[in-house]
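Participant: Got a sequence here, can you model it:
(one chain, ligands or ions: 1)
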Amino acid sequence: MSKQPSSYLSSKLEGRLKADESGNSIFALEPIKKGELIAVFGGVVYEWETFIHLPDRERMLCLQVEDRHFLVPSPIGEGDYVNHSCNPNAGLSGQIGLVAMRDIQIGEEVCFDYAMCDTMPYDEFNCLCGASTCRGRVGGNDWQRPELQKRYAGYFSPHVQRRIDAQRAEQKAFEKALNKTKQQKFGAKVPTPIYE
Ligand SMILES: [Zn+2]
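Facilitator: Numbering: from 1, shown residues only. Predicted structure coming up:
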């Protein structure tokens, strides 16, 4: 069997143990420009029902690629050591690509935000990323947070983007229906709300 890892990591980066030995991560060996490809994740795709019964370690290294589908690396490689940060320097490009969201300097750890791909509660944890924007707890519903949708526009996995678009369309339809009700109730002109 081939020992080739299922994920690709650019030669400008390497996976290694963090200085505080808290876990593995990937670090830039060369400067990386905004938009450059960092990694492409690979592996075996499982449906949710099978996926939730996999060992913890396999589930922790996975990537949610569709509403109910999960990509689990096999064999594991350096490219699978990308950690979460609430102030990431990388984001998703499509389902399995990881690109730089800004220029990255030599020695910087490369992270993305799990809100860019997760919509299921399979890997929720208290975050210790230390960023000023840290939300404390990372969960499967974080993609719904308006500030994250704004900050990560263009870097969500397609299945998450579809949900965001559907949520916005629903909100618009609701506002339209509300406006129509007001018009029927108060005449053609919608009264301006008065705040005291
Ligand atoms: Zn955090």
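Participant: and the residue nearest the centre of the chain, what does it touch?
Facilitator: Nearest to the centroid of the C-alpha atoms of the chain, with distances taken as Cα atoms, centre = their mean, sits Met116, at 1.9 Å. By Cβ atoms under 8 Å, 6 or more residues apart in numbering, the contact set of Met116 is Gly91, Leu92, Trp143, Tyr152, Tyr155, Phe156, Ser157, Val160. All C-beta atoms are positioned from the backbone trio N, CA, C, and that covers glycine.
Participant: and those, which of them are in helices?
Facilitator: Val160 (DSSP state H).
Participant: now, among the contacts of Met116, which is nearest to the ion?
Facilitator: Closest to the ion out of those is Tyr152 (13.9 Å), distances taken as Cβ to the ion.
Participant: So what's the residue count around the closest one?
Facilitator: A count of nearby residues for Tyr152, using other Cβ atoms under 10 Å, gives 22.
Participant: So it is in contact with Tyr114, correct?
Facilitator: No: using Cβ atoms under 8 Å, Tyr152 is not in contact with Tyr114, being 11.0 Å away.
Participant: So Ile32 is in contact with Arg102, correct?
Facilitator: No: with contact defined as Cβ under 8 Å, Ile32 does not count as touching Arg102 (9.3 Å).
Participant: The two - which one has more neighbours?
Facilitator: Between Ile32 and Arg102, counted using other Cβ under 10 Å, the more crowded position is Ile32 (24 against 12).
Participant: how about the more buried one, what does it touch?
Facilitator: With Cβ under 8 Å, 6+ apart, Ile32 has these contacts: Ser10, Lys12, Leu13, Ile38, Ala100, Asp103, Ile104, Val110.
Participant: What does the pLDDT read for the first one?
Facilitator: Model confidence at Ser10, given as pLDDT, is 98.
Participant: and the lowest-mean-pLDDT helix or strand in the chain, which residues are buried?
Facilitator: Using mean pLDDT, DSSP states H and E, helix 56-60 stands out as the lowest-scoring helix or strand of the chain, at a mean of 84. For helix 56-60, burial by neighbour count (16 or more other Cβ atoms under 10 Å) applies to Glu58, Arg59.
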